[in-house]
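Enquirer: Sequence and predicted structure are below.
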Amino acid sequence: MEISEGSKKELDAVIKQLETAPGFRIRIAGHTDDMGKEKYNLELSLKRANFIAEYVESKGISGDDLVVEGHGSDRPLASNTTEDGRSKNRRVEVTLFED
């Protein structure tokens, strides 16, 4: 797995927000398309989320400030009937939330 330079910039912006917002945490949610078995997709989505969590922690954020989730294919953004839709569903979402 790898993180694109654009995604690193977005992650770094969220990290900077967290550093200046006491009482907030970061939710990292991994997702997949619906190809493959459900168990595999759940494991893959969690693996994706953990990969991003490792990057965030490498920037000095405590694991206590992270919530890491794997949703498999349960929350698609687009239809899984096309390659474009499946591509959009393979993602990791990172949000800042108040604890």
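Expert: Yes, it's here. What you see is a predicted model; the values in this text were computed from it and never measured.
Enquirer: secondary structure element for the residue nearest to Ile3 when sequence neighbours are not counted?
Expert: Once flanking residues are discounted, Ile3 sits nearest to Tyr55: 6.0 Å by Cβ to Cβ, 6 or more residues apart in numbering. Every residue, glycine included, has its C-beta placed from N, CA and C. Secondary structure assignment for Tyr55, by DSSP states H and E: helix 38-58.
Enquirer: Quick one: mean pLDDT over that helix.
Expert: For helix 38-58, mean pLDDT rounds to 98.
Enquirer: How about residues contacting it?
Expert: Counting contacts by Cβ atoms under 8 Å, 6 or more residues apart in numbering, the residues outside helix 38-58 that touch it are 1, 3, 8, 11, 15, 26, 28-36, 63, 66, 68-73, 92, 94.
Enquirer: swap the cut-off to 6 Å and go again
Expert: 1, 3, 28, 30-32, 63, 66, 68, 70-73, 92 (Cβ atoms under 6 Å, 6 or more residues apart in numbering).
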